[in-house]
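J.: Turn this into a model:
(chains A and B)
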Amino acid sequence: MIRLKVSLFITCLGELFYAKVGKDVTEILERLGCEVNFPKGQICCGQPAFNSGYLNDAKKAAKQMIRAFEDADYIVSPSGSCTTMFREYPKMFVDEPGWKLKAEAMADKTYEFTQFIVHVLGVEDLGAEYEAKATVHTSCHMSRLLGEKEAPFRLLKHVKGLEVIPLPNNYDCCGFGGTFSVKMSPISEEMVDEKVRHIEETEADLVIGSDCSCLMNIGGRINRKGKKIEVKHIAEILNHHVKGGSHHANENRESTLL
Amino acid sequence: MPMKIGNQPFFDRVDEGINNDFMQNAVSSAQDGLRGRKLNATIYDKSLVDWEIWRSAGEEIRRHTLENLDYYLKQLSDNWAAKGGHVYFAETVEDAQHYIQKVVKQKNAKKVVKAKSMVTEEISLNEALEDIGCTVLETDLAEYILQVDNHDSPSHIVVPSLHKNRGQMRDALRKVGYKNSDKPEEIAAFARETLRQEFLDAEVGVTGCNFAIANTGSVSLVTNEGNANMVTSFPETQITVMGMERIVPSWEELDILVTLLCRSSVGQKLTTYVTGITPGENIEDVDSPKDFHLVIVDAGRSNALGTEFQSALHCIRCAACVNVCPVYRHIGGHAYGSIYPGPIGAVLSPILGGYEEYGKLPYASSLCAACTEACPVKIPLHELLIKHRQHIVNGEGHAPLSEKLAMKGFGIGASSPSLFKMATKLAPKAMKPLVKDGKISKGPGPMKPWTHGRDFPAPSSENFREWFKNHKKETKKGEE
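T.: Below is the predicted model:
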């Protein structure tokens, strides 16, 4: 059997706050027969600088990432938004054709975690079990810019014990938006507040998402309101109570997500 | 100042918006309703085969037209003039005001009736005409309600009174003697009765223009209420005001763009009226105007020509982006401080009015790209917002110093993986004093606005890079 070589792009948020998500992703990909490596030169994808208008600083980050992942066969990331940033790199280098070519090559081999499992590995049933009434947050960059609307749902459909309830107004942004959440915090707060109201309407006890950034925002609001709703990254669900999984998978680890 | 709404600073207007529950409820239910109708009339309508093909065609038409704008504007004005109409190119807002004032004076007109038009809002035409002693009457129902409500400003491009609910509209009409309920039929009947005599009395009719048609020298109006047809038939003199980009090569392209416009803006296959007007065409008819003026307004649009912002001029003013914008949903149209609100407003207002006045607007977006996805002519709206931010950072506007320093630091960290690694290692220790019960509820610096209404997570106690190294060692051992 050919073992696909996967280079994990953990994302800065993942590295700083959500190490558990990185572990779950690693274990799942290994269980699916991939050889996972972690390019040490990786940093932040540059999105905070790029979205704030600091193109030159964003380019520095992009160049470092291109160097770090140059030898990768596949790049997989547990974030729809950071994956989108990799896919958008070529647009940043219109004036630097050499880097543009490299950026295009990198964009072509970059996948969001669930997208990679469903579309590249062709697997949907990961053998996971999770007893909960859940609803799913569809993140904007993943669904609109990356164009991936289905993969998370196709994977969750096979999780035993999990009931997925549709989220009203799922298409509305949660209000994170990177520096927007700080610069325009009164607006951002209104947006996340409405998101949490819709989550409450579903009466779900769990929110699942594919982007830690949105989940940090939604979870932060849920926590502040003192609501008993869990917030988890999809990798945590898909690596839960898996038969034959590694020891991590069978532990009922505390959620790291606020 | 033209285009501008109110004088308060941006964040005061935002506060006013988010504290106005009436407005928020009215806007969010309108957005939800419009969204469903638009989907049914676009991607769910099988008779169109594939909505994406229509969008691409729309984009292509708009791009071609703007790339050849000089050619089509000349063709339009030649054809308009050849049929006896007058054409005036207004480079500035003042030029447009002065020309229209001059025409009105020449006609000795005292009463002007108007159909809904954003470009006349942009050039503050009502005020300009009132200054020379005219009575100006808005005849679009929503605009009429706003006008009688102490000249309230439009908060939406297509539905000007979106921020008002039915009760508020009824109360506004009370000021001009309305006595019935908040039923739309009764309100409409009242307006119809009141406005009828005004149409008959007016000497000049003013309309905007959805699209001018270059090859026949015509203008088209896409409307539902029929008031625009009254405005363009009773008065002797007709003045059409158009943004200089609102033009199509021929009726064939008009067909496609009108389809995109009606379906995207209000989810209708076609509006009740799509009217084409060519000067002199029906001049013998008893109800045809005798004198036709076309005022083509630049007022800053040239700033975008030939730049990375040119696609902003592709806009057909359907407001589909406004109708899906989660920021607009919560702050409402007036918070933008421009008569062009929402994503297109945040892109267009700084182009037309500069960063000094509208420099905050490009930041009033989470870059969720709902606007870009909704745009029927595929304007990359969220990307244009980022481009505005780039211009502001590069010195055309005022980017905060703290942000500049932070991004400088980011640039340094980003080019050195060892620095980045060190920072991620140090973060848990540095943030430890702030952490209580596994979360941060009150943070300093940039964390402060975040923690006003949200908790912030504590950094992972375990270092992922170390875990991964050990994990690799373990799995290797296991395989041996």
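
J.: And the contacts of whichever strand in chain A runs longest?
T.: Criterion DSSP state E: the longest strand present in chain A is strand A:129-136. Here strand A:129-136 makes contact (CB atoms under 8 Å, 6 or more residues apart in numbering or on different chains) with A:152-153, A:156, A:159-167, A:170, A:199, A:202-209, A:230, A:237, A:240-242. Just so you know, the C-beta spots here come from the backbone N, C-alpha and C atoms, and that holds for glycine as well.

J.: what do you get for stretch B:266-280?
T.: Under the criterion CB under 8 Å, 6+ apart, residues B:34, B:36-42, B:45, B:80, B:83-85, B:158, B:213, B:216-226, B:228-229, B:232, B:238, B:240, B:251, B:258-259, B:262-263, B:292 lie in contact with stretch B:266-280.

J.: Also stretch B:456-467?
T.: A:10, A:14-20, A:22-23, A:38, A:40, A:216, A:219-220, A:256-258, B:421, B:424-425, B:427-428, B:431, B:435, B:438-441, B:443, B:447, B:450.

J.: still on that earlier bit, in CSV, list the C-alpha atoms belonging to the longest strand of chain A.
T.: Only the C-alpha atoms of strand A:129-136 are listed here, as CSV (Å, rounded to 0.1, in the frame of the first residue of the first chain):
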residue,chain,number,x,y,z
GLU,A,129,-18.6,7.5,18.2
TYR,A,130,-19.9,10.5,20.0
GLU,A,131,-23.1,10.7,22.0
ALA,A,132,-24.5,14.2,21.5
LYS,A,133,-27.0,16.5,20.0
ALA,A,134,-24.8,18.7,17.9
THR,A,135,-25.1,21.6,15.4
VAL,A,136,-22.4,22.6,12.9
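
J.: That strand pairs with which strands?
T.: Strand A:129-136 pairs in its sheet with strand A:160-165 (parallel), strand A:206-209 (parallel), by DSSP bridges.

J.: so after that strand, what's the next helix or strand?
T.: helix A:140 (DSSP states H and E).

J.: Next SSE downstream of that following helix?
T.: Counting by DSSP H and E, what follows helix A:140 is helix A:151-156.

J.: Return the alpha-carbon coordinates of that next one using CSV.
T.: The C-alpha trace of helix A:151-156 is given here as CSV (Å, rounded to 0.1, in the frame of the first residue of the first chain):
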residue,chain,number,x,y,z
ALA,A,151,-17.0,17.4,3.6
PRO,A,152,-17.6,18.0,7.3
PHE,A,153,-21.2,16.9,7.0
ARG,A,154,-20.3,13.7,5.1
LEU,A,155,-17.9,12.7,7.8
LEU,A,156,-20.2,13.6,10.7
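
J.: mean confidence score for it?
T.: Taken as a whole, helix A:151-156 carries a mean pLDDT of 98.

J.: Now find how far off-centre that helix is within its chain.
T.: 13 Å (CA atoms, centre = their mean, to the nearest Å).

J.: again with stretch B:292-306
T.: 17 Å.

J.: Also stretch A:49-69?
T.: How far stretch A:49-69 lies from its chain's middle: 19 Å, per CA atoms, centre = their mean.

J.: For the stretch 201-350 of chain B, list the residues in contact with chain A, please.
T.: B:324, B:326, B:327, B:329, B:330, B:331 (CB under 8 Å from any CB of the partner chain).

J.: Pull the contacting residues for the most centrally placed residue in chain A.
T.: Residue closest to the average C-alpha location in chain A (CA atoms, centre = their mean): residue A:79, at 2.2 Å. Applying CB under 8 Å, 6+ apart to residue A:79 gives the contacts A:11, A:13, A:14, A:112, A:113, A:210, A:211, A:212, A:213.
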